[in-house]
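**Q** I'd like to go over a predicted model; first the sequence, then the structure.
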Amino acid sequence: MKRIVPIVLAVALFMENMDSTVIATSLATIADDIGTSPITLKLALTSYYVSLAIFIPISGRMADRFGARAIFQCAIGVFMLGSLACAVATSLEGFVAARFLQGMGGAMMTPVGRLLLVRAAPRSELVSAMAWFSIPAMIGPLVGPPVGGAISTYADWRWIFVINLPIGLVGILLAQRYLPWIEKVRDVRFDWPGFALSGLACAGLVFGLSVISLPALPPITGLLLSAGGAFFALLYVRHARVRERPLLDISLFRIPTLRAAVTGGGVFRLGAGAVPFLFPLMLQLGFGYSAFQSGLVTSISIGGAIAMKLCAKPLLKRFGFRSTLVATSLIGGAFMGMIGLVRPETPVALLVMLLLVGGFFRSLVFTSINAIAFADVSGPRTGDATAILAAFQQVCVAAGVAVAGAILEAGLVLEGRTVPSVENFAIAFYIVGGLTMLASLFFLRLSPHAGAEIAGRQVPVG
């Protein structure tokens, strides 16, 4: 498969990932300009994730009904429209609504982009395609913090969102020029009751978990919202068991490779999702780094992740998916836990090594999960599988941040402190590292020959 296809698809991921990291470094400036506080403005970040949670489940069905390429282009357009609305917002309410609109576009871009890749790439090239698909997306978080800081310091913060317009336009034009036309799926039905239940479930869980970890509202509010989300999730499962074509087809969990990717991958993302929350805070609150310094150090792990993309296919061909996923989830979790051993006096070279190696193995897990999830899913069902995988990923990342936040809060209560200590962060890293290693138990249940075709391995006969 031509590398241009995953790279074109990755333009959307680059724009989305850069946007999320740029705004994180500019909250104080934006809040001051529109007359609110940075803590309150975090509701704008939460509204984006809630929008993702609501609309990701319908992304696969939309792509099946109207064509994956058309929906991908429309998603970029909606994201651009939301970016423009952010740029002209003058109030907290307007900014929150604009971020929600951006989330509607983002909810379609990543899952539908992955769906296009799965349907366009030959099975034997899927691993390489997934690797190239994610490299530009990793560059976004790398350049986001310095770009956001520079724009906020030397220009108007509104340019943070205006720069999405030319990037998005290029993405739409490249998609029209290079992306293959994928046939629509016949007899697509929209499960509107399922959409309502899944939206309430995912939104309740994501918003509730976000409030628990970043208490802009009282933590009890987050607990109640999370409980409500769990209740609607149970209602959805009951609905899906009797619906002929439910929005999120839970019968897909009978496929061992997809089940392992969703469950094992979800457990792994619980820990991995906590790292971007814990590590910068530890550097700033525990080690005395500035926000700019912590951003630069945090981005080091991306170097290991990019290096992995060049090694993913030969490693999977040599060891297979089960062995690779079991080993890398254990190693990745161990390196995550070892961050807790770092102290202000730790040599920088050792810290860099931990971040590079940890980033390498975490990225290998993600690439492997995204590939094996579709190893045994038939073509017409890949849209539903994509939506399930993306929805679970979103909830698990939010849960990871909530777990990390709860660990730090528990340390503050027990020690009677107002600012977490280095030891509090160390305990958090030990716990999330151990939690991440538990993902290996789910991958152990895979067949030794799972995903052999897409790994380029031969299956013994007889």
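**A** Great, that's in hand.
**Q** okay, CA-based contacts and neighbour counts for the rest of this
**A** Noted.
**Q** tally of neighbours for Glu423?
**A** A total of 16 residues lie near Glu423 under the criterion other CA atoms under 10 Å.
**Q** From the rest of the structure, what touches stretch 170-180?
**A** Ile4, Val5, Val8, Leu9, Val11, Ala12, Arg69, Gln73, Ile76, Gly77, Ala120 (CA atoms under 8 Å, 6 or more residues apart in numbering).
**Q** Near the fourth one, how many other residues are there?
**A** It stands for Leu9. The burial count for Leu9: 31, using other CA under 10 Å.
**Q** And the helix or strand harbouring it, what's buried?
**A** Using DSSP states H and E, the element containing Leu9 is helix 4-24. Burial within helix 4-24, assessed by neighbour count using 16 or more other CA atoms under 10 Å, is assigned to 5-23.
**Q** so what secondary structure elements neighbour it?
**A** The contact analysis (3 or more CA pairs under 8 Å, 6 or more residues apart in numbering; DSSP states H and E) places helix 4-24 against helix 92-120, helix 126-154, helix 159-162, helix 164-178.
**Q** So what's the gap between whatever helix or strand comes next after that helix and the chain middle?
**A** Note on helix 4-24: by DSSP H and E, the next helix or strand toward the C-terminus is helix 27-34. How far helix 27-34 lies from its chain's middle: 26 Å, per CA atoms, centre = their mean, to the nearest Å.
**Q** State the mean pLDDT of helix 27-34.
**A** Averaging pLDDT along helix 27-34 gives 79.
**Q** And stretch 328-339, by the same measure?
**A** On average, stretch 328-339 scores 94.
**Q** okay, it in CSV with CA atoms only?
**A** Taking C-alpha atoms only, stretch 328-339 is exported to CSV below (Å, rounded to 0.1, in the frame of the first residue of the first chain):
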residue,chain,number,x,y,z
THR,A,328,5.6,-5.3,25.7
SER,A,329,2.7,-4.7,28.1
LEU,A,330,4.9,-6.1,31.0
ILE,A,331,8.0,-4.1,29.9
GLY,A,332,6.0,-0.9,29.2
GLY,A,333,4.2,-1.1,32.6
ALA,A,334,7.5,-1.8,34.3
PHE,A,335,9.2,1.3,32.8
MET,A,336,6.1,3.3,33.7
GLY,A,337,6.4,2.2,37.3
MET,A,338,10.2,3.0,37.3
ILE,A,339,9.4,6.7,36.7
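**Q** Show which residues not belonging to that stretch make contact with it.
**A** Contacts for stretch 328-339 (CA under 8 Å, 6+ apart): 268, 271, 275, 351, 354, 357-359, 361-362, 364-365, 426, 429-440.
**Q** For PyMOL, what selects the buried ones among these?
**A** The PyMOL command for the buried members of these (criterion: 16+ other CA under 10 Å) is given here:
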select buried, resi 268+271+275+351+354+357+358+359+361+362+364+365+426+429+430+431+432+433+434+435+436+437+438+439+440
